[in-house]
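Asks: Just the structure for this:
(one chain, ligands or ions: 2)
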Amino acid sequence: MMKMHRCRICGETFLGSEAPSHCPFCGAHRELFVDTSEYPEDINAVDLTEVERNDLMEAIELELSNTRFYLAMAAYHDDLKLASAYKRLAKIEAEHCSVFCKLACVGKPTDLMEPGSAPDDWCANIAESKLRETRASAFYAQVVARATNERIREVFAAVSAIEADHMLLDDLAAEMAGC
Ligand SMILES: [Fe+2]
Ligand SMILES: [Fe+2]
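Replies: Ligands and ions are numbered 1, 2, ... in the order given. Reported below is the predicted structural model:
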């Protein structure tokens, strides 16, 4: 039976007989989906400590930089499969940026969807991507360890796991590109 499922991390809805294994918008794992009727509308209304606010601001910058890097990678049309994979990654990182902005109560960066720069070489870019994902996942795990707010801990733990999934994508991409 078709049902509406809602992702607790990005708040997007998904119509299907069951929740997807990974949120198509932010990459969150299936267990973070709830029935839409169980989704608290004030889920992102949080009182932040100064440490949590600083961590969110750093996370926003990190996601902004990664989104723009992946948009630059996706612009290389000499390999459409890889370009498409990294375009998807850019959209997921932009969604993370937007979730962090909601939690920090700040507007989204105006240049979020403007491609940045990346070297014109798939293998160098894939290696750079893996570094970025490793750094992001580790930083978010540190935030989970020091945050006191339950919602901040939930979001950062979920996003840390998603960035770890992205390292697997880099490994697959490196194989496809013959690196
Ligand atoms: Fe999501
Ligand atoms: Fe991300």
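
Asks: Which residue ranges make up the domains of the chain?
Replies: 3-38, 50-176 (automatic domain parsing).

Asks: Can you give me every residue that contacts Ala174?
Replies: Counting by CB atoms under 8 Å, 6 or more residues apart in numbering, Ala174 touches Cys123, Ile126, Ala127. Where C-beta positions appear, they are placed from N, C-alpha and C, glycine not excepted.

Asks: does the lengthiest helix in the chain come close to ligand 1?
Replies: With secondary structure taken from DSSP state H, the chain has its longest helix at helix 150-176. No. Using CB under 5 Å from the ion, helix 150-176 stays clear of ligand 1, coming no nearer than 8.5 Å.

Asks: What's the mean pLDDT across that helix?
Replies: Helix 150-176 carries an average pLDDT of 97.

Asks: Likewise for stretch 3-22?
Replies: Stretch 3-22 shows a mean pLDDT of 97.

Asks: how long is that stretch end to end?
Replies: With CA to CA, to the nearest Å as the measure, the first residue of stretch 3-22 is 16 Å from its last.

Asks: And ligand 1, is it touching that?
Replies: Yes. Using CB under 5 Å from the ion, stretch 3-22 reaches ligand 1 at Cys7, Ile9, Cys10.

Asks: Compare these and tell me which is most surrounded.
Replies: The most crowded member of those, judged by other CB atoms under 10 Å, is Cys7 (27 neighbours).

Asks: does that residue really touch Arg30, like I thought?
Replies: No. Counting by CB atoms under 8 Å, Cys7 does not reach Arg30; the two are 9.7 Å apart.

Asks: Quick one: the strands in the protein, in order.
Replies: 3-7, 13-16, 33-35 (DSSP state E).

Asks: The second one pairs with which strands, parallel or anti?
Replies: To tie it back to what came earlier, the one meant is strand 13-16. strand 3-7 (antiparallel) (DSSP bridges).

Asks: hang on, the earlier thing: arrange the residues of stretch 3-22 next to ligand 1 in JSON lines, one row each, with distance to Val155 as further columns.
Replies: Formatted as JSON lines, these follow (distance: CB to CB, whole Å):
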{"residue": "Cys7", "distance to Val155": "11"}
{"residue": "Ile9", "distance to Val155": "6"}
{"residue": "Cys10", "distance to Val155": "9"}
